[in-house]
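**Student:** Okay, predicted coordinates and the sequence, questions at the end:
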Amino acid sequence: MKTEEYIALGGLITIIASALALIIKQLESSKCSEINCLCVSCKRKIKEKVPEPDPAPAPDPDPQP
């Protein structure tokens with residue numbers, strides 16, 4: 001193989017790896033409980049986000065009489 005072919009092959013591998021990483025990241029951050037992608041199906045449990053209570057308001061530092 002020539003050097004140019006190695007460079008092109010390395011670029012192709014990098015692009016494919018980047019695309020797969022992007023797909024995996026999107027599936028990981030998905031809120032779906034059932035995922036069917038590329039002939040792979042997955043059922044998973046999603047944790048519900050519990051809303052945090054609002055913090056109590058700070059006391060007024062200069063109360064008026």
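**Tutor:** All right, it came through fine.

**Student:** what are the ranges of the helices in this protein?
**Tutor:** 3-28 (DSSP state H).

**Student:** tell me the centre residue of it?
**Tutor:** Nearest to the mean C-alpha position of the chain, by Cα atoms, centre = their mean, lies Ser29 at 3.8 Å.

**Student:** Grab the nearest non-local neighbour of Leu27.
**Tutor:** Ile35 (5.9 Å; Cβ to Cβ, 6 or more residues apart in numbering). No exception for glycine: its C-beta is placed from N, CA and C like everyone else's.

**Student:** contacting residues for that neighbour?
**Tutor:** Shown in contact with Ile35 (Cβ atoms under 8 Å, 6 or more residues apart in numbering): 27, 41-42, 44.

**Student:** if I look at it, how far off is Pro55?
**Tutor:** Using Cβ to Cβ, to the nearest Å, we find Ile35 at a distance of 36 Å from Pro55.

**Student:** which non-adjacent residue is nearest Lys45?
**Tutor:** Per Cβ to Cβ, 6+ apart, closest to Lys45 is Ser33, 7.1 Å.

**Student:** Give me the nearest residue to Asn36, chain neighbours excluded.
**Tutor:** Asn36 sits nearest to Cys42 (Cβ to Cβ, 6+ apart), 7.9 Å away.

**Student:** I'd say the one you found and Glu34 touch.
**Tutor:** Yes - in this structure, Cys42 is within contact of Glu34 by Cβ atoms under 8 Å, at 7.3 Å.
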